[in-house]
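Asks: This is a predicted model, with the sequence first.
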Amino acid sequence: MHLSKRDFLSFSAAAGASLVLPTRAQNKPLIASINMFVPAAPGGGWDGTARAIERAAKAAGLVGNMQFENVGGAGGMVGLPRFVNQRKGQANTLMVGGSVMIGAGIANKSPVTIKDVTPIARLTEEAGVIVVPASGKIKTWKELESALKANPKAVSVAGGSAGGTDHLILGMLIKALGKNPREAAYVAFAGGGPANAAILGGQVTAGISGWSEFEEQIKAGRMIPLAVSGKRRIPGVNVPTLTELGVNVTESNWRGVFAPPGISAPQRDAMIDFMTKLNVSAQWRQELETRKWTDAFMTERPFERDLTKDIEEKIVLMKELGLA
């Protein structure tokens, strides 16, 4: 059975250099101040996305100031209810979220879900990378594959929150190798820092996360990248896809921004305009290139339809993998 998730639509307003906006740094910023809510601990993918938005938006003259609040835990399920209840109706307020939040909501049977906020824009897509510590016994993909085929329970794998993209990739991988995905020895962490520490400390056999979260350790030679979960290799990274290695699994993690519930149409449109201008800025294009994120920009009805479809598909997939 082919476990590949549907192709993510990728709409980009940046069709060419002519669309890149000139800096507004010498003028009044588009928005004076934005409150950015991050439902995760500092150092992880959502936090990294939020900080990248701040850097690019300030450099492009799109925002004067950005205040942050981090509330981590359970794949966003601790922070999300706070955002929904305490920020309802607030203008110039955004929350970073994405596919991990969908899976975590399903896994935790949360009464508050991503459907309770206002979709603004999908920004990026990032494939997962499977790594092992350079100091560990397993050094190659074949060795890891053999270990998973022999006994998945004996191969502990670190990743993000339970039910998130990293967890799904492991479940899909184990099933594709002919084993029961319910036997996955998945070790969930609330942030990239603790997961990295567990991998480097030999507390787990392997790890799964986005390239941007492992890149520093890989470049330092402390982690060995074995495979990526995307449809294609990451540009500039000589690591094969799972498909190239004969494993029929593809899955990626998308990230975007949401506004609180209860805002007015003009307030929503102002945030969409802000994100659209950010997306075509040279500063944001540089962030995408540096972090090896794939542009997956989408707003308004296309994003809302895509979000609904993603939720429906994840419910089916997680039930199939025994995660819901």
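Replies: On my side now, so go ahead.
Asks: buried stuff in stretch 270-287?
Replies: 270-272, 274-281, 283-285, 287 (16 or more other CB atoms under 10 Å). No exception for glycine: its C-beta is placed from N, CA and C like everyone else's.
Asks: just the helices in this protein please.
Replies: 45-59, 79-86, 99-107, 141-150, 165-176, 192-200, 211-219, 265-279, 282-291, 300-320 (DSSP state H).
Asks: wait, which of those is closest to N92?
Replies: For the helices of the chain, proximity to N92 was assessed by CB to CB; helix 265-279 is nearest, at 7.5 Å.
Asks: Now do that closest one: everything it contacts.
Replies: Defining contact as CB atoms under 8 Å, 6 or more residues apart in numbering, one finds that helix 265-279 is touched by 12-14, 21, 30-31, 34, 53, 56-57, 60, 62-63, 91-92, 94, 118, 120-121, 123, 257, 259, 284, 295, 297, 299-300.
Asks: out of those residues, which are buried?
Replies: For the contacts of helix 265-279, a burial check counting by 16+ other CB under 10 Å picks out 14, 21, 30-31, 34, 53, 56-57, 60, 62-63, 91-92, 94, 118, 120-121, 123, 257, 259, 284, 295, 297, 299.
Asks: Any stretches of the protein with poor pLDDT?
Replies: 1-26 (pLDDT under 70).
Asks: Try it again at 80.
Replies: Counting by pLDDT under 80, the ranges of the chain that qualify are 1-27, 190-192.
Asks: Can you list the strands that the strand ranked longest in it pairs with?
Replies: Taking DSSP state E as the criterion, the chain has its longest strand at strand 118-133. Paired neighbours of strand 118-133 in the sheet (DSSP bridges): strand 206-210 (antiparallel), strand 223-228 (antiparallel), strand 252-259 (antiparallel), strand 294-299 (antiparallel).
Asks: Which one of the ones you listed lies nearest to G159?
Replies: strand 206-210 (4.5 Å).
Asks: Run the angle between the closest one and helix 141-150 for me.
Replies: Per axes from the mean of the first three to the mean of the last three CA atoms, to 10 degrees, the angle that strand 206-210 makes with helix 141-150 is 110 degrees.
Asks: Check what contacts strand 206-210 and list those residues.
Replies: The contact list for strand 206-210 (CB under 8 Å, 6+ apart) reads 45, 126-132, 138, 144, 155-160, 166, 169-170, 192, 195-196, 198-199, 214, 223, 226, 229, 253.
Asks: next one: that strand to chain centre, how far?
Replies: Relative to its chain's centre, strand 206-210 lies at 12 Å (CA atoms, centre = their mean, to the nearest Å).
Asks: Export it to PDB, keeping only CA atoms.
Replies: Extracted in PDB, the C-alpha atoms of strand 206-210 (Å, rounded to 0.1, in the frame of the first residue of the first chain):
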ATOM      1  CA  ALA A 206      17.700   7.700  16.100                       C
ATOM      2  CA  GLY A 207      15.700  11.000  15.600                       C
ATOM      3  CA  ILE A 208      13.300  12.500  13.200                       C
ATOM      4  CA  SER A 209      12.700  16.300  12.700                       C
ATOM      5  CA  GLY A 210      13.100  19.000  10.100                       C
END
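Asks: List the buried residues in that strand.
Replies: So for strand 206-210, counting by 16+ other CB under 10 Å, buried means A206, G207, I208, S209, G210.
Asks: Over to stretch 184-202?
Replies: For stretch 184-202, the neighbour count (16+ other CB under 10 Å) marks 184-192, 194-196, 198-200 as buried.
Asks: what's the answer for stretch 102-113, then?
Replies: Neighbour-count burial for stretch 102-113 [16+ other CB under 10 Å]: I102, G103, A104, G105, I106, A107, N108, S110, T113.
Asks: same thing with stretch 247-257?
Replies: Going by neighbour count (16+ other CB under 10 Å), the buried part of stretch 247-257 is V247, V249, T250, E251, S252, N253, W254, R255, G256, V257.
Asks: Max pairwise distance over those: which two?
Replies: Taking CB to CB as the measure, the buried residues of stretch 247-257 have their most distant pair in V247 and V257, spaced 32.7 Å apart.
Asks: Return the residue spatially closest to R182, with its sequence-adjacent residues excluded.
Replies: The shortest distance from R182 to any non-neighbouring residue, by CB to CB, 6 or more residues apart in numbering, is to G322 (4.1 Å).
Asks: burial of the one you found, as a residue count?
Replies: Neighbourhood size, G322 [other CB atoms under 10 Å]: 13.
Asks: and what of K179?
Replies: A count of neighbours around K179, defined by other CB under 10 Å, yields 17.
Asks: hmm, back to that, turn the buried residues of strand 206-210 into CSV, columns for distance to P81.
Replies: Converted to CSV, the buried residues of strand 206-210 look like this (distance: CB to CB, whole Å):
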residue, distance to P81
A206, 32
G207, 29
I208, 27
S209, 25
G210, 25
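Asks: what domains does the record give for this structure?
Replies: Residue ranges for the domains of the chain, per automatic domain parsing: 17-125+253-320, 127-228.
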